[in-house]
Structure formats: C-alpha cells, structure tokens
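*Asks:* Starting from these lines, generate the structure:
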Amino acid sequence: MTVLERLGDWLWNPWLLGLFLLSGLYFSIESGFFQIFGVKKWLGVTVGQLLGGKQKGTGRGLTRFQAMSTALASTIGTGSIAGVATAIFFGGPGAVFWMWVSAFLGMMTSFVEKTLAVRWRERGRDGLWQGGPMCYIARGLGSPFLAAWFSLSCVASSLAGGNLVQSNSIAASLEAAFGWDRLAVGIVTALLTGAVILGGIGRIGKVSEKLVPCMALLFLGGG
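*Replies:* Next up is the predicted model:
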C-alpha cells in the first residue's frame with residue numbers, strides 16, 4: 001500500500017493537477033472563453049435540441065437523451081458527492097473555491113475532448129460510429145502505441161477508481177444509514193450492474209434515461 005500511495009502522490013501532486021488547470025486555461029483563452037460567451041450556442045444545441053421534439057433512435061444506437069443520460073451518469077456520482085465532502089474535510093472551505101476554478105476551466109477541457117472525439121471518429125464493423133481518446137490519439141497524433149496504452153490504463157482505472165470507490169461509497173452509506181451488510185450490498189450492486197452491462201449499449205441507455213433524471217433531482221434537492 002505504501003508503494004501505491006507514493007506512486008499516486010508522485011503522479012498527482014502537484015504537477016498533474018497544475019497541468020489540468022493550465023490546459024483548461026489555455027483552451028479557454030484560445031476559444032475566447034466559450035463557456036461564458038458561447039452559452040447561448042451550447043445551450044441551444046444541447047438542451048434546446050433535447051426539448052425540441054421527440055428523440056428518435058436508430059434501433060441499435062442511442063437517442064440524444066440516452067447519450068446525455070449515459071454521460072451524466074458518470075459525472076454526477078462519487079466525485080460530486082463523496083469527493084467534495086472528502087475535499088472539504090481535508091482541505092477546509094477553501095477547497096470549494098478551487099473546485100469552482102477547476103470546474104470552470106475543466107468545462108473547456110471536456111469540450112475539446114468531445115470535439116476531438118467527433119473530429120476523429122470512425123465507423124465500426126457494425127456500421128455505427130465509434131470514437132474517443134483512443135481514436136484521436138491513434139489517428140490524430142498518429143500513435144497507435146499511446147492509444148493502446150491509454151485503453152489499458154482505462155481498464156485499470158475502471159476496475160479501481162470506477163468500480164471499487166463507487167461500490168464502497170454505496171455500501172458504506174447504506175451501512176451507516178440502515179445498518180445493511182456491506183458484502184451483501186456489494187454483491188447486489190455487482191449483479192445489478194452486470195445485468196445492465198450485459199444487455200449492451202441499448203440497455204445501458206434505457207436504464208440511464210430513467211435513473212439519471214431522478215438522480216439529478218435528488219442531487220439538486222440535496223444541495
């Protein structure tokens with residue numbers, strides 16, 4: 001554990017956190033602070049289109065609302081609740097300010113990531129579009145090796161940060177609130193998650209579009 005803690009400290013503190021902020025600042029300046037002055041544009045092509053009419057899917061892909069819900073499912077989660085509480089506990093109220101700064105600049109980092117994903121997307125063997133960092137790293141930067149390394153890192157990140165942290169937060173919260181056994185909660189969570197994932201992207205989208213609006217309302221109401 002000591003080796004992993006030292007590796008984590010070396011990776012994150014302080015250069016990587018500073019690089020995230022500097023990257024967001026660079027993208028903000030180059031875009032003319034699009035997250036402020038382009039608010040009418042990005043609201044119009046997101047919320048405006050979602051509310052503008054009935055969403056139609058292809059039968060195999062996702063509707064726009066399902067795609068947005070799937071993306072929000074990982075955004076409004078452990079980091080927004082448990083992570084914020086942990087940051088305030090260890091860093092004090094000043095941590096909130098830096099979270100505001102990170103969120104403001106991070107909007108443009110996320111925007112650039114999505115833009116690159118669309119720019120370098122490609123059609124898969126099934127005829128559907130596929131994209132993401134692995135695609136624009138391989139095709140945009142011309143480095144299949146870095147793309148493969150990124151994909152392998154995502155597997156490790158999903159197993160550790162994506163699954164273990166979230167399931168632990170769920171189990172710990174239910175144990176504190178209702179006295180439920182952590183192991184039982186973990187097993188049920190794994191089974192339910194597996195049932196959704198094994199249903200493919202279509203089932204993930206259908207479940208997300210039903211759960212995420214409720215989750216967002218609870219999140220805002222709790223705030």
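*Asks:* The closest residue to residue 182 other than its chain neighbours: neighbouring residues, count only.
*Replies:* Nearest in space to residue 182, with sequence neighbours left out and distances taken as CB to CB, 6 or more residues apart in numbering, is residue 171 at 4.1 Å. Backbone N, C-alpha and C define where each C-beta goes, glycine included. Residue 171: 20 surrounding residues under other CB atoms under 10 Å.
*Asks:* One more: residue 45?
*Replies:* A count of nearby residues for residue 45, using other CB under 10 Å, gives 10.
*Asks:* Tell me the spacing between it and residue 68.
*Replies:* 12 Å (CB to CB, to the nearest Å).
*Asks:* Check residue 62 too.
*Replies:* Look at residue 62 and residue 68: by CB to CB, they are 9 Å apart.
*Asks:* now residue 6
*Replies:* Note on residue 6: its distance to residue 68, by CB to CB, is 39 Å.
*Asks:* Those two: which is more packed in?
*Replies:* Set side by side, residue 6 and residue 68 show more neighbours around residue 68, with 19 against 10, by other CB under 10 Å.
*Asks:* wouldn't the more buried one be in contact with residue 46 here?
*Replies:* Yes. Assessed by CB atoms under 8 Å, residue 68 is found in contact with residue 46 at 7.5 Å.
*Asks:* what about the residue nearest to residue 102 when sequence neighbours are not counted, how many neighbours?
*Replies:* Leaving aside its sequence neighbours, residue 102 sits nearest to residue 21 (CB to CB, 6+ apart; 6.7 Å). A total of 16 residues lie near residue 21 under the criterion other CB under 10 Å.
*Asks:* got a list of what residue 21 touches?
*Replies:* When contacts are counted by CB atoms under 8 Å, 6 or more residues apart in numbering, residue 21 touches 101, 102, 105.
*Asks:* helix or strand for it, which one?
*Replies:* Element membership for residue 21 (DSSP states H and E) is helix 15-30.
*Asks:* average pLDDT for the very next helix or strand once past that helix?
*Replies:* Proceeding N to C from helix 15-30, the next assigned helix or strand is helix 34-37, under DSSP H and E. Average pLDDT, helix 34-37: 92.
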